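Trainee: Fold the following.
(2 chains, ligands or ions: 1)
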Amino acid sequence: MSDSHAAHGHADAPGNNSPFFQHHFVTMTQQASAAKLGMWLFLVQEVLFFSGLFMFYIIFRYLHPDTMLWASEHLLDKTMGGINTVVLLFSSVTMALAVRAGQVGNKQHQVTYLAITIVCACIFLCVKYVEYSHKFHMGALPGHFYSYAGNIPGEPQTFFALYFCLTGLHGIHVIAGIIALLWLMKRSARGDFGPTYYAPLELTGLYWHLVDLVWIFLFPLLYLIH
Amino acid sequence: MASIAETHTGPHDGGHHESYLTAKRGIASWLTTVDHKRIGVMYLASILFFFFVGGVAALLVRTELLNPGKDLVEHAVYNQLFTLHGAIMVFLFIVPSIPASLGNIVLPLMLGAKDVAFPKMNLASYYFYVVGAILFILTIVLGGLDTGWTFYAPYSTTTSTSVISATFGAFVLGFSSIFTGINFLVTIHKMRAPGMTWDRMPLMVWALYATSLIQVLATPVIAITLLLLICERTFGIGIFDPALGGDPVLFQHFFWFYSHPVVYVMILPGFGVISELVTVHSRKGIFGYMAIAISSVAIAFIGFLVWGHHMFVAGESSLAATVFSFLTFAVAVPTAIKVFSWIATMYGGSIRYTTPMYYVFVFLFLFSIGGLTGLFLGALAVDVQMHDTYFVVAHFHYVMMGGTFIAFLGGLFHWWPKFTGKMYDERLGKLSAVLVFIGFNVTFFTQFVLGSRGMPRRYYTYQPQFHTLHEISTIGSYILTAGLLVALVTFIKSLKSGEKATANPWNGMTLEWHTESPPIEHNFAEQPICRRGPYDFPEIDESAAGARH
Ligand SMILES: [Cu+2]
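Mentor: Residues are numbered from 1 along each chain as shown, chains lettered A, B, ... in the order given. Have a look, this model is predicted:
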């Protein structure tokens, strides 16, 4: 049983001579599975972090359904939101391909797929920038800063607080993702990743899928209300 | 068979192993260390410093309450003092206390690992703690804080004091807590020594496991809540403030969804410490190992479903209140399982009256009172009477200080020889336990009486009929302080002139006692292999079944 053999540790276990092996672990397998569990736990706390805002969403929608409906129909652009959804979904595919390229040790493919993922993330942010500046221009802003001329029923200044909090926090996660992806691209180009060591690629992939998933929820909840 | 330790100890291989305290020298070697033991020591120093600051605030509060009206400070300053005391004790002392200091040092040792799973993240979490602490100190400079540690809206969104730096501080501290939690969970899952099955883990490890689960699952919710509070203050968004169209009860729901479970972040590690102390110093295997282990996880689970008991009088439906009340009572079951198991462990044991054991007695007495008075407050009708009185203050001090803090102190005495390599003066240690016990009860038992007679908490002044009891309580706080100073002297004296400790002064069976005192830099010279349960003391084997191996 090679697995249990590796779990009990041996200097010649696969990957233990890798320069990225950390010596407080017994084997590279243990190191990789620890990192993966850590990432999953981190993602769990991310979900709970967003859950507070989703709770805010549920309560606001319950209290002011008319505000939500009106603002969503008139001030949020379904086309732009739709484009962003497609772009992010596509970037998740290229991210998965980059991880695959890491597992088989194909340096060229890793760099290409990571680059496409980064480009997608940037397109997402550009579209978001256009949407945001439109709202800034109209004065559709949170709280005290709200100065939109149109007559929205209920509490529009709170709706825009919700909108900016949710999409803003998501946007910060996209930016963090881009930074991580750039760092990965540098390491991929250096040839760090191969069959025995690809944990950073895999973990960033998990993170990126979560960022994607949050948007998959945000898009219908904000843009597609009836 | 080549053991793992032999292949990876590198330059030390075969030679003399330096202790973690002396392996590297200089301030920089401490500030950039990724050694869990050194990080634990830095945490220990920091939390003790903040315990001192929070303690001074508490003494000022108690002294101000010696007489009705003004003794020392104006009422505005008084409001800031009790807020400072609560916020510092909760966020900077109790939450990180046992896990981040004692836990950080003993967890990998108990598991037979070389370090936690993510040593750099461990250091990062310490620096998150430092940044959060600096933001709290900034609060004092920037005009103080007078919201109470709970930051209830809408007062916290409208008061002119510096709520933002305090809440942002708590936000940053939250990440420190989450990182520690993730680190411990992964360490426990992935880094156990060969042979250490889940049912051979010391109960301290089980307690830290349950604690870490709560830290990871509850802390993000308070993080987002505090962020929303900051947004509300900055942009005037109506989330919590009814004047802006928000809902103040929503804040309470968010806040207590974190802050009730976090009560168990505070107390569960204390339970873990007591489980270790009670067995080692009674020389008897723990009674109900699995029951204690699983009850930690059960408390963590039920703890997520009781937050509404803080809102019985805040406009909650009577159905919700009844359910929350019932679930609150349910927490008492796993908690009582623990207390009875500890007592059953002592029964028939060969109890050694050491300082740690003295603190175990103090803990059992005080925590039982604290736990039982929790049931008073969980009962709906009684809570309407007791809510926001000194009864509540006394209850949570019995649990938090009489429970967690006493366990922390007992644990510190217990592992002190391991951490420092020095023994301490037992007589002084015991004296501190006795003084703390007397001082604590004089201070806080009085407050049960005050509360049940209607003295509201957080008030600057009071009716004349409460005068005597307030005086007694204040005098008690001075006795308590004296006890703590004796403990401090014990530790300082030990560092200066303590006898050298052996590797295993208490004859403990858990793995931290199977390396030198203080431990070597990589914890163990050879990878330890776990062959027996954590409390299978050799003398038990002899008395029970003759020569067993
Ligand atoms: Cu509670």
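
Trainee: Sort out which residues of stretch A:122-132 are buried, please.
Mentor: Going by neighbour count (16 or more other C-beta atoms under 10 Å in any protein chain shown), the buried part of stretch A:122-132 is A:Ile123, A:Phe124, A:Leu125, A:Val127, A:Lys128, A:Glu131, A:Tyr132. C-beta: built from backbone N, CA, C; applies to glycine.

Trainee: Ok, stretch B:200-218 next?
Mentor: B:200-218.

Trainee: swap in stretch B:110-127?
Mentor: B:110-119, B:121-126.

Trainee: any idea which of those is closest to B:Glu64?
Mentor: B:Tyr126 (34.4 Å; C-beta to C-beta).

Trainee: got a list of what that closest one touches?
Mentor: B:Ile39, B:Met42, B:Tyr43, B:Ala100, B:Ser176 (C-beta atoms under 8 Å, 6 or more residues apart in numbering or on different chains).

Trainee: so what pLDDT did A:Thr79 get?
Mentor: A:Thr79 is assigned 92 on the pLDDT scale.

Trainee: how far away is it from B:Ala321?
Mentor: 48 Å (C-beta to C-beta, to the nearest Å).

Trainee: What is the neighbour count of residue 103?
Mentor: Reading this off chain A. Neighbour count for A:Gln103, taken as other C-beta atoms under 10 Å in any protein chain shown: 16.

Trainee: if you could check chain B rather than the one you did, that'd help
Mentor: B:Gly103 is flanked by 29 other residues according to other C-beta under 10 Å.

Trainee: leaving aside the residues next to it on the chain, what's closest to it?
Mentor: B:Leu208 (5.1 Å; C-beta to C-beta, 6 or more residues apart in numbering or on different chains).

Trainee: Over to A:Pro153?
Mentor: A:Asp66 (4.6 Å).

Trainee: buried set for the helix or strand where the one you found lies?
Mentor: Assigned by DSSP states H and E, A:Asp66 belongs to helix A:65-75. Neighbour-count burial for helix A:65-75 flags A:Thr67, A:Met68, A:Leu69, A:Trp70, A:Ala71, A:Ser72, A:Leu75 (criterion: 16+ other C-beta under 10 Å).

Trainee: Closest one to B:Lys422 out of those, please.
Mentor: Nearest to B:Lys422 out of the buried residues of helix A:65-75 is A:Met68 (C-beta to C-beta; 65.0 Å).

Trainee: quick one: the closest one from B:Ile224, how far?
Mentor: 20 Å.

Trainee: and B:Arg532, what pLDDT?
Mentor: 85.

Trainee: Over to B:Ile4?
Mentor: Model confidence at B:Ile4 (pLDDT) stands at 31.

Trainee: go on, A:Ile225?
Mentor: For A:Ile225, pLDDT reads 86.

Trainee: Quick check: it touching A:Glu73?
Mentor: Yes. Using C-beta atoms under 8 Å, A:Ile225 makes contact with A:Glu73 at a distance of 7.4 Å.

Trainee: any idea of the mean pLDDT in stretch B:27-37?
Mentor: Stretch B:27-37 shows a mean pLDDT of 92.

Trainee: who's in contact with the residue nearest to the spatial centre of chain A?
Mentor: Nearest to the mean C-alpha position of chain A, counting by C-alpha atoms, centre = their mean, stands A:Val211 at 2.0 Å. Applying C-beta under 8 Å, 6+ apart, we find A:Val211 in contact with A:Leu88, A:His170, A:His173, A:Val174, A:Gly177.
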